[in-house]
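K.L.:
fold the following and give me the result.
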Amino acid sequence: MKLNELRDKEGAVHARKRVGRGIGSGLGKTSGRGVKGQKSRSGVAIKGFEGGQMPLYRRLPKRGFNNIFARDLNEVSVGRIQAAIDAKKLDPKETIDTAALVKAGVIRRAKDGVKVLGNGEITAKVTLDVAGASKSAVEKIEKAGGSVKLPEKAAQEA
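P.N.:
Numbers count the residues shown, from 1 in each chain. This next block holds a predicted model:
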């Protein structure tokens, strides 16, 4: 196969519909929109409109709220950290923080911090500087000879 022989699959590219171009085109006059009314015109905005009846989204009660102060944390298990150490992506001798986890590819991007969860096993002696950690994660890390450094507020909550 050569570059000049590359083609899309048959039927993958559709011809553009030219509406309102005469009766012979099949899409003339009303351009396939039927006759009159709101839907035949541009700028239709009737999603959820029920013909004057109280719409469903207004009949149902409001529930819950959105906490604007909630932190969006990356969750990382101790098993993932151990896998990154085994793959030589993380150095257990250095302090592992959010930037190190991003550089190693364990997390894609830093949000409001990292919370370490206790899934999996860890054998390396590591020092973690993170926003939060579950009790089981802290136990596993300390059992392996490591330590977890948490911010003041997170340490009080845990």
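K.L.:
which residues of this structure score low on pLDDT?
P.N.:
Residues of the chain that meet the criterion pLDDT under 70 lie in 153-158.
K.L.:
if you set the cut-off to 90 instead, what comes out?
P.N.:
Applying pLDDT under 90 to the chain flags residues 1, 37-39, 41-52, 151-158.
K.L.:
ok, which stretches of it are strands?
P.N.:
74-77, 95-96, 114-117, 127-129, 132-133, 147-149 (DSSP state E).
K.L.:
show me what the fifth one is packed against.
P.N.:
Put plainly, it is strand 132-133. Counting by 3 or more C-beta pairs under 8 Å, 6 or more residues apart in numbering; DSSP states H and E, the packing neighbours recorded for strand 132-133 are strand 114-117. All C-beta spots, glycine's among them, are computed from the backbone N, C-alpha and C.
K.L.:
hang on, Gly22 packs against Ser31?
P.N.:
No: using C-beta atoms under 8 Å, Gly22 is not in contact with Ser31; the gap is 10.9 Å.
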